[in-house]
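**Student:** here is a sequence with its predicted model. Questions after.
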Amino acid sequence: MPEHTLKQFDAELEAVRARVLQMGGLVEEQIVRAMDALAGGNVQAAARVVEDDHRVNALEVAIDEECSTIIARRQPAAGDLRMLMMVVKTITDLERIGDEAAKIARMTQLIYESDRPFVPRTTEIRHMADVALGILRNSLDAFARLDLAVAAKAVRQDDRVDESFRAILRQLITFMMEDPRTISNSIEILFIAKALERVGDHAKNMSEYVVYMVKGKDVRHTGPEGVEREALTQH
């Protein structure tokens with residue numbers, strides 16, 4: 001490949017990576033806005049989160065098309081092809097995180113538009129959201145810098161999200177058994193907790209793709225220990 005074509009190709013790859021980070025920023029903002037709407041009981045803000053989901057979807061489609069065009073025109077090999085494959089997988093997970101943000105917003109609307117007397121405690125959910133957002137931010141950071149140590153940290157953090165989910169589930173079951181009037185709201189809170197657990201899972205996937213990009217090794221289903229081992233091994 002001539003040098004000027006090579007530089008152009010590098011610029012195209014860099015532009016795609018920048019778009020992914022833009023999409024990541026938008027998805028992160030959607031989660032934050034959905035959680036703020038839940039904490040403040042703001043159904044109008046929740047509705048705006050649902051309406052804005054189309055922006056996330058549009059970015060996924062645009063980036064996917066860019067990757068397809070680059071593969072068709074440049075026929076990349078080895079590391080460059082892995083980079084584009086990582087991007088395609090990452091934007092799929094980001095789009096799904098956007099869906100979970102919209103789900104949290106829809107549950108918020110159901111909770112606060114009802115005439116039920118029960119107002120949910122959101123402290124535990126808020127903590128869970130903070131941990132899930134931490135994984136997302138670390139995964140985006142790992143993607144931006146191809147940093148394996150940060151990727152391994154993000155994968156390890158997902159255990160904390162799962163623990164939070166189990167704790168919230170136990171608490172909600174107790175509420176529902178003690179007072180049946182809390183059942184409807186407790187189920188909606190449970191859906192929100194499940195959405196946050198899925199955010200953690202999708203964000204963790206993104207970090208695993210970074211390891212694949214750098215090492216050429218698929219570390220999915222190997223657990224945090226497998227990811228850390230691969231991330232810290234020098235080839």
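**Tutor:** Cool, the structure landed. Residues are numbered from 1 along each chain as shown.
**Student:** list the buried residues for the helix ranked longest in the chain?
**Tutor:** Identified as the longest helix of the chain according to DSSP state H is helix 3-40. For helix 3-40, a neighbour-count test (16 or more other Cβ atoms under 10 Å) marks 9, 12-13, 16-17, 19-20, 23-24, 26-28, 30-31, 33-38 as buried. Quick note: C-beta positions are derived from backbone N, CA and C, even for glycine.
**Student:** tell me the helix or strand right after it.
**Tutor:** Counting by DSSP states H and E, the next helix or strand C-terminal to helix 3-40 is helix 43-51.
**Student:** let's see that following helix as CSV, backbone CA atoms only.
**Tutor:** What follows is helix 43-51, C-alpha atoms only, in CSV (Å, rounded to 0.1, in the frame of the first residue of the first chain):
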residue,chain,number,x,y,z
VAL,A,43,-41.2,11.6,34.2
GLN,A,44,-40.6,14.3,31.6
ALA,A,45,-36.8,13.7,31.8
ALA,A,46,-37.5,10.0,31.6
ALA,A,47,-39.5,10.5,28.4
ARG,A,48,-36.7,12.5,26.8
VAL,A,49,-34.3,9.6,27.5
VAL,A,50,-36.7,7.2,25.7
GLU,A,51,-37.0,9.7,22.8
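**Student:** for this structure, where's the lowest mean pLDDT among helices and strands?
**Tutor:** Here the helix or strand of the chain ranked lowest by mean pLDDT, DSSP states H and E is helix 223-232, holding a mean of 58.
**Student:** the longest helix of the chain to helix 43-51, inter-axis angle?
**Tutor:** Helix 3-40 and helix 43-51 are oriented at 150 degrees to each other (axes from the mean of the first three to the mean of the last three Cα atoms, to 10 degrees).
**Student:** for Ile192, give its distance to Ala34.
**Tutor:** 9 Å (Cβ to Cβ, to the nearest Å).
**Student:** common neighbours of these two, please.
**Tutor:** Taking Cβ atoms under 8 Å, 6 or more residues apart in numbering as the criterion, Ile192 and Ala34 both touch 104, 108.
**Student:** what stretches of the protein score poorly on pLDDT?
**Tutor:** Applying pLDDT under 70 to the chain flags the ranges 1-5, 116-120, 217-235.
**Student:** what's the neighbour count on Arg121?
**Tutor:** Each residue near Arg121 was counted by other Cβ atoms under 10 Å, and the total is 11.
**Student:** distance check, it against Lys103.
**Tutor:** Separation of Arg121 from Lys103 (Cβ to Cβ): 20 Å.
**Student:** for Met35, same thing?
**Tutor:** Counting by Cβ to Cβ - Met35 and Lys103 are separated by 12 Å.
**Student:** find residues that contact each of these two.
**Tutor:** Common contacts of Met35 and Lys103 (Cβ under 8 Å, 6+ apart): none found.
**Student:** and the helices in this structure, which stretches?
**Tutor:** 3-40, 43-51, 53-74, 78-113, 123-145, 148-178, 183-215, 223-232.
**Student:** most tightly packed of those?
**Tutor:** helix 183-215 (a mean of 23; mean count of other Cβ atoms under 10 Å).
**Student:** which elements pack onto it?
**Tutor:** helix 78-113, helix 123-145, helix 148-178, helix 223-232 (3 or more Cβ pairs under 8 Å, 6 or more residues apart in numbering; DSSP states H and E).
**Student:** reformat these as JSON lines; add distance to Ser207.
**Tutor:** Listed next are the helices and strands packed on helix 183-215 as JSON lines, based on distance: least, Cβ to Cβ, whole Å:
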{"stretch": "helix 78-113", "distance to Ser207": "10"}
{"stretch": "helix 123-145", "distance to Ser207": "5"}
{"stretch": "helix 148-178", "distance to Ser207": "4"}
{"stretch": "helix 223-232", "distance to Ser207": "7"}
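**Student:** that'll do, ta.
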